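In: quick one, what's the 3D model for this:
(chains A and B)
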Amino acid sequence: MATHAGRLNDRTGPDAGSPAVRVRDLHRSFNEAGGVLNGLDLDIPAGEFVALLGRSGSGKSTLLRALAGLDRDVAGSGTITVPSDVSVVFQDSRLLPWRRVLDNVVLGLGRKDASARGKQALAEVGLAGREHAWPHELSGGEAQRAALARSLVREPQLLLADEPFGALDALTRIKMHVLLRKLCAAHRPAVLLVTHDVDEAIVLADRVIVLDDGVVSSDLRIELPGSRSQADPAFAALRTRLLSELGVEDDHHLRVEDTQRLRVEDAVRRAS
Amino acid sequence: MTAVAERPAVVAAHDERVLRPRLRPGRRIRGGFWIGPVVLLSAWCLGSATGLLDERTLSAPWTVLSTAADLTESGRLQESIAVSAVRASLGLALGVAIGTVLAIAAGLSRVGESLIDGPVQVKRSIPSLALIPLLILWLGIGEPMKVITIALGVLVPVYIHTHNGLRGIDERYGELAETVGISRWEFVRSVVLPGAMPGFLLGMRFAVTSALLALVVVEQINTTSGIGHMITLASSYGQTDVIVVGLVVYAVLGLVADTVVRLIERKALTWRRTLEG
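Out: Residues are numbered from 1 along each chain as shown, chains lettered A, B, ... in the order given. The predicted structure is shown next:
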């Protein structure tokens, strides 16, 4: 085990033809008592959208931070292979308050056409015309769209998103789901989306992974048609199954109420 | 029917509350900064006109004005102001440069912090003016001693506030910088410096005051030029009006410098949304 400690930063690029992300026997722990990740294995093929579910404290964010290379002061071992171009979207937009929106999008993008590409990315997320706004002038949803533009302009092979819509209101979140699906379809990065929202996972992902006790406890491929309706019985079945994986029994009363809410959400999605 | 007629009144009352925030300071008063000084000046005029203020205690504003005119005509006032302004600016520039560089070095590296922070905190507890005897022994009583005394007084507030601002930068921005893969220089330029700017500018406001304070003291030690020299000389001849002219010049220098820093502050920090509005 001692030899593993030296391999904490063993992050290399993938070979041609192999999966975009390859994680083997990943261990991470914050204290002596127990590990947050206990020998986790994970492969994500190029262009696949993976949603990562788990109870709080199950190690979702720890895994994402490990893939992003942001876990320097954490004890652990294992091997991680990620592409060279990784981009992260956080729960908060993390726009630098002292830079205008466009300058935030092109931050560190040292290329001649940076400004033009930044504008194009902003247009793609529906923020054309807001290039010169200050971040504090944006609404929560707009700020998060700017953060998405900042990630996309880098043309990442892997997009890591840590509960990116967690702080948004329900209606804005639905619009963001539509936008994210559109953007991912256009740019085809591999995506790892950490979320605690089961519906969000089913709506967006090609594959849903549930994390429990620091390992992958279930790995489901979502075989639903392109426009995923929460009224679809297959959707409901998946939802019930995932919820029970997460230790939540899908209460009947709750479901009746939710179905009504979902109809409203569906209507909004169709409208947008 | 009457209830309908009364409705607009209710709406108007509500609007009033929107216009005047209950807890925040509310709208900025135009030229509000000058109200206090103007009131003070009026009291002075009134006191002198009614004879409440003795001419030997404090010359009347108009006496001060005519003395200023005389001093300007003889060229002595401009000469003194120029000498003092150059002294203060040199000391200020030197102190700000050193303070900023030290703050950045201490803020960006743990080694820098260990080497720099302690000595600066020690220096902070020794008033710069207490160092004058030592500086006179080292540098003589010429200009270098004066400029360095001013710089030493300026360095401390600039260092403290810039360092504080730097350390106060949200660590989430550092994390973001790592994920977008920017170089160290680009990190300093786009995250560290703008993030430390509010602290630096606050430090500048203290620094300007420190510079003038140090200026006043060094100009009264073995000086043959400058506003301080003019005041010291007037003091031995009992010329209150000349002393007041000198004091007014110091006040104006201080006000102008503070206004300049505030203007820069408002221009440089437009991205902030604070109580100042």
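
In: the helix or strand where residue B:261 lies and chain A, any residue contact?
Out: Using DSSP states H and E, residue B:261 sits within helix B:240-268. No - judged by C-beta under 8 Å from any C-beta of the partner chain, helix B:240-268 makes no contact with chain A; its nearest approach is 9.0 Å. Backbone N, C-alpha and C define where each C-beta goes, glycine included.

In: counting contacts, what elements does that helix pack onto?
Out: helix B:61-73, helix B:76-108, helix B:193-218, helix B:227-237 (3 or more C-beta pairs under 8 Å, 6 or more residues apart in numbering or on different chains; DSSP states H and E).

In: so for it, what's the average pLDDT?
Out: Regarding helix B:240-268, the rounded mean pLDDT is 89.

In: distance from that helix to the middle of the chain?
Out: 9 Å (C-alpha atoms, centre = their mean, to the nearest Å).

In: could you list the buried residues of that helix?
Out: Buried residues in helix B:240-268, counted by 16 or more other C-beta atoms under 10 Å in any protein chain shown: B:240-246, B:249-250, B:253-254, B:257-258, B:261, B:265.

In: quick check, nearest of those to chain A?
Out: Within the buried residues of helix B:240-268, the smallest distance to chain A is 13.2 Å, found for residue B:265 (C-beta to the nearest C-beta).

In: pretty sure the closest one is touching residue B:200, no?
Out: No - Residue B:265 is beyond contact range of residue B:200, at 9.8 Å (criterion: C-beta atoms under 8 Å).

In: which bits of the stretch 51-200 of chain A sit near chain B?
Out: So the stretch 51-200 of chain A meets chain B at A:68-70, A:86-88, A:90, A:92, A:94, A:96-99, A:107-110, A:134-136, A:150, A:154 (C-beta under 8 Å from any C-beta).

In: change it to 6 Å
Out: A:68, A:70, A:88, A:94, A:97-98, A:107-108, A:134, A:136 (C-beta under 6 Å from any C-beta of the partner chain).

In: list buried residues within the residues you listed.
Out: Buried, going by 16+ other C-beta under 10 Å: A:68, A:70, A:88, A:94, A:97-98, A:107-108, A:134, out of those.

In: run a quick neighbour tally on the residue of the stretch 1-150 of chain B found nearest chain A.
Out: Residue nearest to chain A within the stretch 1-150 of chain B (C-beta to the nearest C-beta): residue B:110, separated by 14.0 Å. A total of 8 residues lie near residue B:110 under the criterion other C-beta atoms under 10 Å in any protein chain shown.

In: quick check: residue B:149 vs residue A:247, distance?
Out: Per C-beta to C-beta, to the nearest Å, residue B:149 is found 70 Å from residue A:247.

In: which one of these two is surrounded by more residues?
Out: residue B:149 (25 against 8).

In: give me the element that one is part of.
Out: Since the elements are taken from DSSP H and E, residue B:149 ends up inside helix B:143-167.

In: please apply the same query to residue A:112.
Out: Here residue A:112 is assigned to no helix or strand, by DSSP H and E.

In: how about the one 3 residues further on?
Out: When elements are defined using DSSP H and E, residue A:115 is found to belong to helix A:114-124.

In: what comes into contact with that helix?
Out: A:102, A:105-106, A:149, A:152-153 (C-beta atoms under 6 Å, 6 or more residues apart in numbering or on different chains).

In: so which of those residues is the most crowded?
Out: Highest neighbour count within these, by other C-beta under 10 Å: residue A:105, with 30 neighbours.

In: contact partners for it?
Out: A:118, A:121, A:149-150, A:153.

In: same thing but 10 Å
Out: Going by C-beta atoms under 10 Å, 6 or more residues apart in numbering or on different chains, residue A:105 touches A:95, A:99, A:114-115, A:117-122, A:125, A:127, A:131, A:146-154.

In: narrow the residues of the stretch 51-200 of chain A next to chain B to those in helices?
Out: residue A:68 (DSSP state H).

In: now the residues of the stretch 51-200 of chain A next to chain B as CSV including distance to residue B:118?
Out: As requested, these are exported to CSV (distance: C-beta to C-beta, whole Å):
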residue, distance to residue B:118
A:68, 36
A:70, 32
A:88, 37
A:94, 34
A:97, 32
A:98, 31
A:107, 35
A:108, 34
A:134, 38
A:136, 37
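
In: that older thread, check which element follows the helix holding residue A:115 along the chain.
Out: Next along the chain after helix A:114-124, taking DSSP H and E as the criterion, comes helix A:140-152.

In: the helix or strand following that following helix pairs with which strands?
Out: As assigned by DSSP H and E, the chain's next helix or strand after helix A:140-152 is strand A:158-162. Strand A:158-162 sits in its sheet next to strand A:86-89 (parallel), strand A:190-194 (parallel), going by DSSP bridges.

In: what's the closest of these to residue A:54?
Out: Minimum separation from residue A:54 across the strands paired with strand A:158-162 (C-beta to C-beta) falls at strand A:190-194, 8.2 Å.

In: show the average pLDDT along the following helix or strand past that closest one.
Out: Heading C-terminal from strand A:190-194, the first helix or strand you meet, by DSSP H and E, is helix A:198-204. Per-residue pLDDT over helix A:198-204 has a mean of 89.

In: helix, strand, or coil at residue A:218?
Out: With DSSP: H, G, I helix; E, B strand; the rest coil as the basis, residue A:218 sits in strand.

In: right, and it touches residue A:238 too?
Out: No - applying C-beta atoms under 10 Å, one finds residue A:218 not in contact with residue A:238, separated by 11.5 Å.

In: those two - which one has more neighbours?
Out: For residue A:218 versus residue A:238, neighbours defined as other C-beta under 10 Å are more numerous around residue A:238 (21 against 14).

In: that one touches residue A:198, doesn't it?
Out: Yes - if you go by C-beta under 10 Å, residue A:238 and residue A:198 touch, sitting 8.4 Å apart.

In: what sits in contact with each of the two?
Out: In contact with both residue A:238 and residue A:198: residue A:208, using C-beta under 10 Å, 6+ apart.

In: so what's residue A:63 up against?
Out: Residue A:63 neighbours (C-beta under 10 Å, 6+ apart): A:23, A:26, A:28, A:36-37, A:40, A:42, A:52, A:54, A:71, A:80, A:160, A:192, A:194, A:209, A:211, A:214, A:216.

In: output the below-cut-off pLDDT ranges for the chain.
Out: Went with chain A since none was named. Scanning chain A for pLDDT under 70 picks out the ranges A:1-18, A:32-33, A:226-227, A:250-265, A:268, A:270-272.

In: not quite, I wanted chain B
Out: Those would be B:1-21, B:273-277, if you go by pLDDT under 70 across chain B.

In: make it 80
Out: B:1-27, B:222, B:273-277 (pLDDT under 80).

In: right, and chain A sits closest to which residue of it?
Out: Taking C-beta to the nearest C-beta, chain B has residue B:182 as its residue nearest chain A, at 3.4 Å.

In: was I right to think residue B:109 contacts residue B:115?
Out: Yes - here residue B:109 reaches residue B:115: they are 9.1 Å apart, a contact under C-beta under 10 Å.

In: which ones are touching the residue in the stretch 101-250 of chain A that chain B sits nearest to?
Out: At 3.4 Å from chain B, residue A:108 is the closest residue in the stretch 101-250 of chain A, using C-beta to the nearest C-beta. Counting by C-beta under 10 Å, 6+ apart, residue A:108 touches A:114, A:150, A:154, B:176-177, B:179-183, B:186-187, B:190-191.

In: now the residues you listed: which count as buried?
Out: Buried among the contacts of residue A:108 by 16+ other C-beta under 10 Å: A:114, A:150, A:154, B:176-177, B:179-182, B:187, B:190-191.
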